[in-house]
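Participant: need a structure here:
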Amino acid sequence: MDLHRLEVFCRVVELKSFTKAAEASFLSQPTVSEHLRTLEEILAVKLVDRLGREVLPTPAGKILYDYARRILRLRNEAVEAIANHSGRYAGHLWVAAGTIPGTYLLPELIGRFKESYPEVLVTVKIANSRQAAELVVQGDCEFGVVGARWNEAVLEWEPLFADELSLVVRHDHPWAGRGEIEPVELAEPPFIDRERESGTRKVMHEILQRHGLEVDKLRVIAEMGSTEAVCQSVKAGIGVAILSRQAIRDDLACGSLAEVAIRGVNFTRPFYLVRRRKRQPSPIAALFLDFLKSNSGG
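Facilitator: Below you'll find the model as predicted:
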């Protein structure tokens, strides 16, 4: 079975489109269709259904997709192993990341890593913490860096970086000049929260509850799918929010946002390295993990 055809098939399943798969593979759409038709003839089964503009795998297609991903991953590991044996590191590493580590921590570290290993391509898939962990569970990424942890039997979590959350308000908010508020006051202003699968939201709620603050009493007026959306909403004067300091450093420095302490509440949290239990990392993944740990500041 031709590996290139399997790659094209995986692209079609992942992008749900022959046109998008053709663009991503630098092929014409008729060529993509021919690759799929050849696979279906070889296997004597229908692999995809065309439902309007969307393409979805059939039950047989789902089975092949799972095996195809494993075959292609093994092919990549073999190529990497040969390159490593020859004294050079080369290949493609997929990393999952929560919004904060993926946006504010990993880019600089990847840049420094590639100074030593320019032939390694690192792709970071940024999602909320729950989605990032799921990418590791599914095998799409070798490991992830996320801002929260929970019970997941197939995953293991290791603290990697330190982070701190902060209550932030617009520069002209009445709290901006106070520096500190009482915990009960947090229930007064309109509050902007992250979406429910966000690691920042999960940790923030846990910390507030540990300090006796009932999150149900917050006047949540909006839930945003990204840290940047929350930040822009605060700057627009819509409400207050609790965000990672990593995300608001520039806004604090230029004075568009103000940081306000909550008396007696410590918002320190770790970012976690999340991996699938018992999965042996590829040589490139092991190399990058060693680099992350040596630069974690812990």
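
Participant: show me what contacts residue 218?
Facilitator: Taking CB atoms under 8 Å, 6 or more residues apart in numbering as the criterion, residue 218 is in contact with 186, 187, 191, 193. All C-beta atoms are positioned from the backbone trio N, CA, C, and that covers glycine.

Participant: got any ranges where the protein has weak pLDDT?
Facilitator: Scanning the chain for pLDDT under 70 picks out the ranges 83-87, 297-298.

Participant: Output the longest helix belonging to it.
Facilitator: In the chain, taking DSSP state H as the definition, the longest helix is helix 59-85.

Participant: list the helices and strands the helix or strand hosting residue 206 packs on?
Facilitator: Assigned by DSSP states H and E, residue 206 belongs to helix 199-210. When contacts are defined as 3 or more CB pairs under 8 Å, 6 or more residues apart in numbering; DSSP states H and E, helix 199-210 packs onto helix 99-100, helix 129-138, strand 155-170, strand 190-194, strand 241-244.

Participant: at 6 Å what do you get?
Facilitator: strand 190-194 (3 or more CB pairs under 6 Å, 6 or more residues apart in numbering; DSSP states H and E).

Participant: Look at residue 105 and say how many residues are nearby.
Facilitator: Residue 105: 22 surrounding residues under other CB atoms under 10 Å.

Participant: quick revisit: please check the contacts of residue 218 and keep the buried ones.
Facilitator: Buried by 16 or more other CB atoms under 10 Å: 186, 191, 193, out of the contacts of residue 218.

Participant: what about the first one, is that helix, strand or coil?
Facilitator: Read it as residue 186. With DSSP: H, G, I helix; E, B strand; the rest coil as the basis, residue 186 sits in helix.

Participant: Tell me where the stretch 1-150 of the chain has helices.
Facilitator: Assigned by DSSP state H, counting those that start in this stretch, the helices in the stretch 1-150 of the chain fall at 3-15, 18-25, 29-43, 59-85, 99-100, 106-116, 129-138.

Participant: what angle do the third one and helix 3-15 make?
Facilitator: Helix 29-43 and helix 3-15 are oriented at 110 degrees to each other (axes from the mean of the first three to the mean of the last three CA atoms, to 10 degrees).

Participant: could the helices of the stretch 1-150 of the chain be laid out in a markdown table, adding mean neighbour count?
Facilitator: Formatted as a markdown table, those follow (neighbours: other CB atoms under 10 Å):
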| stretch | mean neighbour count |
| --- | --- |
| helix 3-15 | 19 |
| helix 18-25 | 18 |
| helix 29-43 | 16 |
| helix 59-85 | 15 |
| helix 99-100 | 26 |
| helix 106-116 | 14 |
| helix 129-138 | 21 |
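
Participant: Can you tell me which of those helices is nearest to residue 166?
Facilitator: Nearest to residue 166, of all the helices of the stretch 1-150 of the chain, is helix 99-100, at 12.4 Å by CB to CB.

Participant: The closest residue to residue 162 other than its chain neighbours and residue 200, how far apart?
Facilitator: In space, and not counting its chain neighbours, residue 162 is closest to residue 270: 6.1 Å by CB to CB, 6 or more residues apart in numbering. Remark: distance between residue 270 and residue 200 (CB to CB, to the nearest Å) = 13 Å.
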